[in-house]
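> Here's a sequence, model it:
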Amino acid sequence: MTDLSIIIVSWNVAALLAECLDSIHSGGLKSEIILVDSASSDHTVEMVRTLYPQVKLLAQSENVGFTRGNNIGLQSASGRYLLLLNPDTEIVGDALAQMVAYMDAHPEVGILGPHTLNSDRSTQSSKRRFPTAALAFFESTWLQPYAPKRLLAHFYAEDVADTATAEVDWVQGSALLARRAVYEQIGGLDEGYVMYSEELDWCKRAKGAGWRVVYFGGAQIIHHGGKSTEQAAARKHIHFQQSKLRYFRKYHSAGLALALRLFLLLSYAAQIGIEGVKSLLGHKRALRQERMRAYWQVLRSGLKAN
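Numbering: from 1, shown residues only. Reported below is the predicted structural model:
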C-alpha cells in the first residue's frame, strides 16, 4: 500500500508549482503525487505532462475551487496518509518522512500540521484553537488591532512554541497531513467552503470523532502564501467571509451568523467611505479605487450563505 498521497490543487502558478514538485522527497516512503489542476490558463498542464510524468495529473475543465479540488484528489488517493499541500509551498529536507514517522508512532493523532515558514524563513502562524463567538467580530476585521490580547493569543496558540510539538484544535491547510482512517470516518472537506475555513471545519469534525490534532514543530515547510488568490482580490474577500459565516452558522447559531454578516457588510461599506476620502485627497488614488471596487463587489454579493 502507498504510504503517502500528496494532493496539490493548482491554478495558474506554474513556476511556484515546479518549485514545490522539485522539493518533494519521499525519504524512503512509497508515495504518489496527485495534481488537480483547476483549469489553469498558463502552461501548468503542459509543464507537468512534460517535466513531471510521475505526477498523476487530474486536469479539470473548469475552476473547481480549492475545496472541491482537494476532494477530487482525495477520491483518487491510495495512501495510508493523505497530505493536502498548497502549490506555493516547498518541503524542507526530510519533513515528509518525519511527519509520517510521528503519525506512525502516535496512532491516536488523526491530523498533523508542520512548522510553516514564510518566504524569508520567518515563522508563519499556522497553529490555532477554535474561534469563539467573541473572536468572530475581531479576527481579520478592522477591529482586530483593538481585540483583547488574550483573545487573539488563545486563538493563535501563542503559548505553543514554534518548534514545539503539541495538541491544538486545528492547523492551517497549506500542508495538512491526515490519516486515511480519519478521511474514511468523517468524509472529505465540506464543499460549502469554496476556500478558507475548510481545514478548520475538517479538524473540528475530526476532533469531534475522537481524533487528536497536533502541531509538529519538528518538520518544516515553506509557504510563499496566497499566490492563486492574489489573482482575484474581490473573490478572496467574498470567499473568506462567506466561509467564516458558514463556520459560525454551522457550529454556533444562525443568529450569530446573521449578526456577524450584518457587521461585516457594514464594515465593508465603511471601508468604501474611508478609501473614497483618501482617494479624493490624492493619497495612492489607484490603490484606493482598486480597493473600493473590490469592497463594492463584496457588498453586491451580500455575503449570502453557501
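> Report the central residue of this protein.
G173 (3.8 Å; C-alpha atoms, centre = their mean).
> Chain neighbours aside, what residue packs nearest to that one?
Nearest residue to G173 in three dimensions, chain neighbours excluded: E199, at 3.4 Å (C-beta to C-beta, 6 or more residues apart in numbering). C-beta here means a position set from N, CA and C on the backbone, and glycine is covered the same way.
> Just the element for that neighbour, please.
Assigned by DSSP states H and E, E199 belongs to helix 198-208.
> where do the strands sit along the stretch 201-306 of the chain?
With strands called from DSSP state E, counting those that start in this stretch, the stretch 201-306 of the chain shows them at 212-223.
> any low-confidence regions in it?
Along the stretch 201-306 of the chain, segments meeting pLDDT under 70 span 226-232.
> all helices in it, in order from the N-terminus.
With DSSP state H, counting those that start in this stretch, the ranges of helices along the stretch 201-306 of the chain come out as 233-251, 254-280, 285-301.
> wait, doesn't E62 sit right on S40?
No. Between E62 and S40 there is no contact, the gap being 11.2 Å when judged by C-beta atoms under 8 Å.
> So what does G110 have for phi and psi?
Dihedral pair for G110: phi -100, psi -30, per degrees, to the nearest 10.
> wait, doesn't it sit right on G208?
No. Counting by C-beta under 8 Å, G110 sits too far from G208 to count as a contact (10.8 Å).
> who has more neighbours, the two?
G110 (26 against 10; other C-beta atoms under 10 Å).
> In contact with that one, which residues?
Contacts for G110 were tallied using C-beta atoms under 8 Å, 6 or more residues apart in numbering; they are 178-179, 181-182, 206, 209, 211-213.
> How about A157?
Contacts for A157 (C-beta under 8 Å, 6+ apart) come out as 127-129, 166, 168, 215.
> Same check on L85?
Here L85 is in contact with 6-8, 20, 174-175, 221 (C-beta under 8 Å, 6+ apart).
> go on, L21?
33, 48, 52, 55.
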